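Peer 1: can you look at this prediction? I've put the sequence above it.
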Amino acid sequence: MLFNQFFSGLIYGALLFVIASGLVLTFGALRILNLAHASLYMLAAYMTYSLVHLFPEGPFYFFLVVFIASILTALLGVLIEVLLLRRIYRAEELLQLVLTFGVVWILSDVVRGGWGVGFHAVPRPQFLSGSFTILGYTSPMYNLLILMAAVVVALGLWFLLHRTDAGIVIRAMTDDPETSSSLGINIPMWRTMIFALGSGLAGLSGVLATPLASLGLGMDAKVLNDLFIVIIIGGMGSFPGAMLGAFILGQLNAFGVLIIPKLALIFGFLAMAIVLLIRPWGLLGRPEE
Amino acid sequence: MGNRRNVMNEMKRMEKEKGKWAIVFVLFFIVFGTGWSEEVWAQQKSFKIGYVAGLTGPFAPYNLPAQTGIKLAVDEMNAAGGFLGRKIEIYTRDIKERPDVSISEARDLILTQGVDVLIGTASGSAALAVSSVAKEYKVPFLACPSQTFIAGKEGHRYVFQIGPSTDLDGFAIGEYVAEKPWKRYYLLGTDYVFAHEVIDNAWKRLTEKRSDIVKVGEMWPKVGERDYTTYITATMSANPEAVIAVLPAAMGIDFRRQAKGYGFYEKIHLIAAPLSSADRVPLGRETPEGVIGQTLYAFPYCGEHYPLAAKVEQMYNKIANDYDYDSVIAGYNQLLFLREAIKKAGSTEKEKIIDAAEGLEFETTVGRIKCLKYSHRGTVPMFMGTTTYSPKYPFAIFKDVKVCQGEKFMISEDEIRKMRGE
């Protein structure tokens, strides 16, 4: 039973990490706390619902849908950054929050107008509809895809940030935007690309989540709660922190419902509160200078 | 000369004054002397229905179809002359199922629009809020499609619930599964009033009928929970024979599809409530066969057995093809109730409608029901059945349908009197 719960928590944590990675990227590099990140996740999920009806069943078409939905979300991120965020980078943080909150409402209305208020479900792809058993524990095959996606995203981001020139630029912008600008780096262009990448990661997580949970208005709010818990526990702007935060929250949920079900709701918030008290920059974050 | 002109002007002024008072007197006589009371005014203006419901947010999938059902009925009844010659008009407000918004919008509808009746709400908290306004202003309120039990100590003369409520939901489950051979049960419900009441009632009735029943565990996922992985594995670890799961809307959809991948249905019998069209259609053919479900409208059973149901299905199919009949017929039934009460009263005055409604029996889309005299609740049926598939429909339907209807499945009028301290 303990392994069952551990593995369940691991899967949820993996999905949370994929969602959180985009938010960590945009906050780390751009210092924008994008409240609309979860709304992009929701929009990508709805786009997936429409896209799957356009293509036949099969692994190739499934991954094609993943690609298209992620790219479309990234392009939407470009629009948001160019038309809105670019005007408020120097503004105070409250204004930035208000603006991204406005985007939340806009995207919510877009979803309502495009897909209605009813629930929708995206079927699990046939080639991943089976189950596997490990140590006597049965789990859907699709959960392996979630785990793999989390590993690929983690490795991919590490490679990008630490083994490529683009990564050098991103880390420079994160550490010292003023100096980066004076060195001739085209800051506006890089901001757009980073925001697009973060949005694309939100889109990727939205696509991956669709066979797990039904689509409904308000699915972004639930994810946003968990996202904040993850990045506060792990450290804002820290990828290893996001991974750790997602793992911790996943396990708290898994064992919380087993040990004290009535209090399972607050375990994540308790952990967040404890971290804020003892290490406010997060377990793997850095103190702001 | 000047004095004479003054006198003439003064006389003219006095004549005008007398004329004005004469007009006032005549009007007074016409309005009150001839007995032109509220009833006569009532006959002249339209019959106004205030529809208060969460049209955005998580309850929208239940309220929007109910609104459609009401509108279908209103159009049909207006074509037949309205209510005693009064055209029926609907005034709609989105209350987001928030009690504070419910109170202000209901009050506004009464004070500024002068609505004759309030209908709506899906959540218990909104229903209670609107009910309090209805009581304050003495305006009848038909709670629909809310199933929270509001007839208890909060019940009063001005609130009606012509639809199922949690006692019917729970007792129907308890009676139905008591006939099954299973003994080890796990209880799973969304952590809010509706699920708690249904499960409490189901467990109460089940354990009254069977002394060998054992509860092996219970869990209450929070409202809005989307990931049931940990709940599924914890439930399976307790080794139940059956699980009573009261997980409405997207929560139930997510649980049922996620459970499949863990081999849940190979080991455990699932009793799911609610399992209405909105809970089955989105999953297409992913709802497992053999799940025991509860619904207030069993499709296609109801259309095959109740003529009014077949008629409403056809009316709805002209404007939508989503098979979402459950809340549509719930809304439609409210207007059937109103029409029959007004017909019996021979009046559209609020107090007379209420008096006529008490004890009224009438045909609905789910058969003949009675509005109980004291509690103002309708003896509507709840349907229990088992999911199966037909080549005709792209989603799970019901077979072996059992109709659970009557006061046997409802908290008695005497118990309700005690709850109200009488």
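Peer 2: Perfect, thanks for sending it. Residues are numbered from 1 along each chain as shown, chains lettered A, B, ... in the order given.

Peer 1: what ranges do the strands span in the stretch 1-150 of chain B?
Peer 2: According to DSSP state E, counting those that start in this stretch, the stretch 1-150 of chain B carries its strands in the segments B:47-53, B:88-94, B:117-120, B:141-143.

Peer 1: again with the stretch 1-150 of chain A
Peer 2: Counting by DSSP E, counting those that start in this stretch, the strands of the stretch 1-150 of chain A are A:131-134, A:137-140.

Peer 1: who wins for proximity to A:Leu30 among the ones you listed?
Peer 2: Nearest to A:Leu30 among these is strand A:137-140; the distance by CB to CB comes to 36.2 Å. No exception for glycine: its C-beta is placed from N, CA and C like everyone else's.

Peer 1: follow-up on the earlier one: mean neighbour count added to the strands of the stretch 1-150 of chain B, as a markdown table?
Peer 2: Converted to a markdown table, the strands of the stretch 1-150 of chain B look like this (neighbours: other CB atoms under 10 Å in any protein chain shown):
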| stretch | mean neighbour count |
| --- | --- |
| strand B:47-53 | 26 |
| strand B:88-94 | 18 |
| strand B:117-120 | 29 |
| strand B:141-143 | 29 |
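
Peer 1: any chance of these in a markdown table with mean pLDDT and distance to chain A as columns?
Peer 2: Formatted as a markdown table, the strands of the stretch 1-150 of chain B follow (pLDDT from 0 to 100; distance: least, CB to the nearest CB, whole Å):
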| stretch | mean pLDDT | distance to chain A |
| --- | --- | --- |
| strand B:47-53 | 97 | 12 |
| strand B:88-94 | 96 | 11 |
| strand B:117-120 | 98 | 16 |
| strand B:141-143 | 97 | 21 |
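
Peer 1: could you give the mean pLDDT of the longest helix along chain A?
Peer 2: Longest helix of chain A, by residue count under DSSP state H: helix A:2-30. Averaging pLDDT along helix A:2-30 gives 88.

Peer 1: got the contact list for B:Ala202?
Peer 2: B:Ala202 sits next to B:Asp169, B:Gly170, B:Phe171, B:Ile173, B:Gly174, B:Val177, B:Ile244 when contact means CB atoms under 8 Å, 6 or more residues apart in numbering or on different chains.

Peer 1: is it true that it lies in a strand?
Peer 2: No: B:Ala202: not assigned to a strand; according to DSSP: H, G, I helix; E, B strand; the rest coil it is helix.

Peer 1: what's the distance between it and B:Asp400?
Peer 2: With the distance defined as CB to CB, to the nearest Å, B:Ala202 ends up 19 Å from B:Asp400.

Peer 1: so what's the residue of the stretch 201-350 of chain B found nearest chain A closest to, chain neighbours aside?
Peer 2: Here the residue of the stretch 201-350 of chain B nearest chain A is B:Gly261; by CB to the nearest CB that distance is 2.6 Å. Nearest residue to B:Gly261, sequence neighbours excluded (CB to CB, 6 or more residues apart in numbering or on different chains): A:Pro140, at 2.6 Å.

Peer 1: around the one you found, how many other residues sit close by?
Peer 2: By other CB atoms under 10 Å in any protein chain shown, the residues close to A:Pro140 number 25.

Peer 1: try the one 5 residues further on
Peer 2: Taking other CB under 10 Å as the criterion, the count of residues near A:Leu145 is 19.

Peer 1: what is the residue nearest to B:Gly261 paired to in the beta sheet?
Peer 2: Assessed by DSSP bridges, A:Pro140 has beta-bridge partners A:Ser131.

Peer 1: A:Ser129 versus whichever residue of chain A sits closest to chain B, what's the distance?
Peer 2: For chain A, the residue closest to chain B is A:Pro140, as judged by CB to the nearest CB, at 2.6 Å. A:Pro140 is 8 Å from A:Ser129, where distance means CB to CB.

Peer 1: was I right about the residue of chain A closest to chain B contacting A:Ser131?
Peer 2: Yes: A:Pro140 is within contact range of A:Ser131, at 5.6 Å (criterion: CB atoms under 8 Å).

Peer 1: overlap in contacts of the two?
Peer 2: B:Gly261, B:Tyr262.

Peer 1: helices or strands next to the helix or strand of chain A with the lowest mean pLDDT in the packing?
Peer 2: Between all helices and strands in chain A, the lowest mean by mean pLDDT, DSSP states H and E belongs to helix A:177-182, at a mean of 75. Here helix A:177-182 touches helix A:165-175, helix A:187-209, going by 3 or more CB pairs under 8 Å, 6 or more residues apart in numbering or on different chains; DSSP states H and E.

Peer 1: can you list contacts of the first one?
Peer 2: What it means is helix A:165-175. Here helix A:165-175 has contacts from A:25, A:28-30, A:159-161, A:179-180, A:183, A:185, A:187, A:190-191, A:194, A:237, using CB under 8 Å, 6+ apart.

Peer 1: quick one: it to helix A:2-30, angle?
Peer 2: Using axes from the mean of the first three to the mean of the last three CA atoms, to 10 degrees, the direction of helix A:165-175 lies 80 degrees away from that of helix A:2-30.

Peer 1: I'd like the distance from helix A:165-175 to the chain centre, please.
Peer 2: Centroid separation between helix A:165-175 and its chain, computed with CA atoms, centre = their mean, to the nearest Å, is 21 Å.

Peer 1: ok, now which ones touch B:Leu55?
Peer 2: A:Val117, B:Asn63, B:Leu64, B:Gln67, B:Thr92, B:Asp94.

Peer 1: typo on my end, it should be A:Ala121
Peer 2: A:Ala121 sits next to A:Ser214, A:Leu215, B:Ile253, B:Arg257, B:Pro282, B:Leu283, B:Gly284, B:Glu286 when contact means CB under 8 Å, 6+ apart.

Peer 1: ok, now with 7 Å
Peer 2: Residues near A:Ala121 by CB atoms under 7 Å, 6 or more residues apart in numbering or on different chains: A:Ser214, B:Ile253, B:Arg257, B:Pro282, B:Leu283, B:Glu286.

Peer 1: now these in TSV, with pLDDT, neighbour count and secondary structure?
Peer 2: Output for the contacts of A:Ala121, formatted as TSV (pLDDT from 0 to 100; neighbours: other CB atoms under 10 Å in any protein chain shown; DSSP: H, G, I helix; E, B strand; the rest coil):
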residue	pLDDT	neighbour count	secondary structure
A:Ser214	85	25	coil
B:Ile253	91	27	helix
B:Arg257	90	23	helix
B:Pro282	85	25	helix
B:Leu283	86	21	helix
B:Glu286	87	18	helix
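
Peer 1: return the member of those residues nearest to A:Gly203.
Peer 2: For the contacts of A:Ala121, the nearest to A:Gly203 is A:Ser214 (18.4 Å; CB to CB).

Peer 1: quick revisit: quick check, the residue nearest to B:Gly261 in contact with A:Pro125.
Peer 2: No: with contact defined as CB atoms under 7 Å, A:Pro140 does not count as touching A:Pro125 (11.4 Å).

Peer 1: compare the strands of the stretch 1-150 of chain B and give me the one nearest B:Lys311.
Peer 2: strand B:88-94 (18.6 Å).
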